[in-house]
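Undergrad: Okay, here's the prediction I keep looking at, along with the sequence it came from:
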Amino acid sequence: MSLSPLRTSLSCLLLLAAACSNAVAGPSDAVAENPSSINAPGSVGQAPASPTEPTAPAEDVGQVPTTPTPTDTVTPGETPTAEAPVVSTPGQSASVCAPLTSLSSLTGDLTTWLQTAPIALANSGGFKEPGGTELAAFEGAFRTLLTEGPTPQVVQDLAGMGYGVSTFRNATGGGWLVVREQGLLARGGGTFIINLFPARNLWLEAPHADSDEGTLRQTATQLVTLGARALLITGSNRCAVTTASPCSGTTSVCGTKGLRISDAAHYGNNFFTAAHRALRATYPDAIAASIHGMDAGTGPEAAVVSDGTSVLRPESISNRLRDALNTHLVGTKKAFSCNAVDDSGKHRALCGTSNVQGRIDNGAGDACFTEAAAASDRFIHLEQSATLRGTGASSRAVMQALADTVPCTLAGSGLGCQAVAAQDCP
């Protein structure tokens, strides 16, 4: 199996840095930065009129953790101790990989470090909407990063938009590119991680990484364990600002009815969605998994899965994930699918049909206003009880179910995958 252009070039980065040794110095938790308020740059990418609110039940409503079963340990609110990461700046090389080795390098435990990703707090005003021209530029630069690697030009372009690019060598092996906001003018734009040696044609998204408690830790762990291509982490709480999102859909999570523009899953004019578009353009057949949390209450659901639509399709990828979950779940609660005719339950309406990234992947005419009429089977929307977002057996069941649903098709390391040795630079 041939490696993609990114893998072929970026593999060299690890091979040149300490001969790809898995031994690193200590953990590398980073301190989360507090975004400061600045004026929103430019104009909105889309300026549609306000839509009519749907009458369907609210999506993503409530994040109150439920009482776990005796077999599980729920720790969604855990906060890792933040320490300075180990940072090194490799010297230049005469190799063709020289542009890659010029990046600064972080070493440590990636899953722990990612849990300190900067996220603007609720009601902080920390989300600043980029202009349409800047969003297009970011999408183009991120796509170039995926296809050509961190060339000096793309690193410079991203720096001009407030993003730094560095490498991360994980304590357990593997290598990553980290694209994160830097400096004092953070805008709640997000943190994005690219796997240099992916095992699965899958990327993960955490659009409500702090408000859906536990999903930041969960997706960081899934990224490393499954060998996913990438992870997109929101840079702002969905309630960071009070400005209403014009997109269709509704929720009462922020205390008032309606969506807000700081909600990365329900507004498209943000760097999070631009990174999603770049990934989709680069990997058209990859599966994007949007990971969420719900208040399961007394309902029968441990999870609600959808393909981003409510279309009943027996062959849907969401039905496959549901079946895999129910194979591995412990306890009496089960997973339900929005795309299975025989599934019903209290949270059956949590189908992610207003998720902007899902609408993009499913070919909606206007991702802000229009629900997709059909599914591409390239998008998964997963709502989970607090138990599944914890650290016990049910949380491990989610990991295994994703592994079962998205097989090992790439050459990297991942759960249940037999890694192929990385190639050296040509």
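TA: Perfect, I can see it now. Residues are numbered from 1 along each chain as shown.

Undergrad: Residue 273 is in what secondary structure piece?
TA: Assigned by DSSP states H and E, residue 273 belongs to helix 271-282.

Undergrad: Tell me the buried residues in that helix?
TA: By 16 or more other C-beta atoms under 10 Å, the buried positions in helix 271-282 come out as 271-280, 282. The C-beta positions use only the backbone N, C-alpha and C, and glycine is treated the same way.

Undergrad: so what strands line up beside the next helix or strand after it?
TA: Using DSSP H and E, the helix or strand that follows helix 271-282 in sequence is strand 287-291. Strand pairing for strand 287-291, determined by DSSP bridges: strand 202-206 (parallel), strand 379-384 (parallel).

Undergrad: I'd like to know the average pLDDT value across the helix or strand following strand 287-291.
TA: Following strand 287-291 in sequence order, the next helix or strand is strand 301-306 (DSSP H and E). Taken as a whole, strand 301-306 carries a mean pLDDT of 95.

Undergrad: Let me see the confidence value for residue 348.
TA: pLDDT, residue 348: 73.

Undergrad: actually residue 45, not the one I wrote
TA: At residue 45, the model reports a pLDDT of 39.

Undergrad: Could you do residue 282 as well?
TA: Confidence score, pLDDT, at residue 282: 97.

Undergrad: Could you list the alpha-carbon positions for stretch 114-125 in PDB?
TA: Taking C-alpha atoms only, stretch 114-125 is exported to PDB below (Å, rounded to 0.1, in the frame of the first residue of the first chain):
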ATOM      1  CA  LEU A 114      -4.800  17.900  24.600                       C
ATOM      2  CA  GLN A 115      -7.100  18.100  27.700                       C
ATOM      3  CA  THR A 116      -5.600  21.500  28.300                       C
ATOM      4  CA  ALA A 117      -6.400  22.800  24.900                       C
ATOM      5  CA  PRO A 118      -7.500  26.500  25.100                       C
ATOM      6  CA  ILE A 119     -11.300  26.900  25.100                       C
ATOM      7  CA  ALA A 120     -13.100  30.200  25.700                       C
ATOM      8  CA  LEU A 121     -15.500  29.800  28.600                       C
ATOM      9  CA  ALA A 122     -19.200  30.300  28.600                       C
ATOM     10  CA  ASN A 123     -20.300  33.900  28.500                       C
ATOM     11  CA  SER A 124     -16.700  35.000  28.200                       C
ATOM     12  CA  GLY A 125     -17.100  36.800  24.900                       C
END
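
Undergrad: Tell me how confident the model is about it, as a mean pLDDT.
TA: Mean per-residue pLDDT for stretch 114-125: 96.

Undergrad: got any ranges where this protein has weak pLDDT?
TA: 1-100, 421-426 (pLDDT under 70).

Undergrad: Now do the strands in it.
TA: Applying DSSP state E to the chain gives strands spanning 86-88, 105-108, 163-170, 175-181, 191-195, 202-206, 230-233, 287-291, 301-306, 334-337, 379-384.

Undergrad: and residue 120, which of those strands is closest to it?
TA: Among the strands of the chain, the nearest to residue 120 by C-beta to C-beta is strand 175-181 (10.3 Å).

Undergrad: Tell me what angle the helix holding residue 273 forms with strand 379-384.
TA: 140 degrees (axes from the mean of the first three to the mean of the last three C-alpha atoms, to 10 degrees).

Undergrad: heads up, I number from 50, so please use that
TA: Yep, numbering from 50; the last one is helix 320-331 now.

Undergrad: chain center to helix 320-331: distance?
TA: Offset of helix 320-331 from its chain centre (C-alpha atoms, centre = their mean, to the nearest Å): 11 Å.

Undergrad: And for stretch 396-408?
TA: Relative to the centre of its chain, stretch 396-408 is centred 16 Å away, using C-alpha atoms, centre = their mean.

Undergrad: List the contacts of it.
TA: Contact partners of stretch 396-408, identified using C-beta atoms under 8 Å, 6 or more residues apart in numbering, comprise 105-109, 254, 256, 296-298, 308, 314-317, 322, 325, 337, 339, 341, 343, 345, 348, 350, 353, 355-359, 385, 387, 416-417, 419-421, 428, 430, 432.

Undergrad: okay, how far is it across stretch 334-345, tip to tip?
TA: 32 Å (C-alpha to C-alpha, to the nearest Å).

Undergrad: how far out from the middle of the chain is that stretch?
TA: On C-alpha atoms, centre = their mean, the centre of stretch 334-345 falls 9 Å from the chain's centre.

Undergrad: on that earlier part again, figure out which of the strands paired with strand 336-340 is closest to residue 171.
TA: Among the strands paired with strand 336-340, strand 251-255 comes nearest to residue 171, with 16.0 Å by C-beta to C-beta.

Undergrad: How about residues contacting that closest one?
TA: In this structure, residues lying in contact with strand 251-255 by C-beta under 8 Å, 6+ apart are 261, 264-265, 268, 271-272, 275, 277-283, 321, 325, 328, 332, 335-340, 406, 451, 455.

Undergrad: do that again at 7 Å, thanks
TA: In this structure, residues lying in contact with strand 251-255 by C-beta atoms under 7 Å, 6 or more residues apart in numbering are 264-265, 268, 271-272, 275, 277-283, 325, 328, 335-340, 406, 455.

Undergrad: The nearest residue to residue 296 once chain neighbours are set aside: how many residues sit nearby?
TA: Nearest residue to residue 296, sequence neighbours excluded (C-beta to C-beta, 6 or more residues apart in numbering): residue 417, at 4.2 Å. Neighbour count of residue 417, defined by other C-beta atoms under 10 Å: 22.
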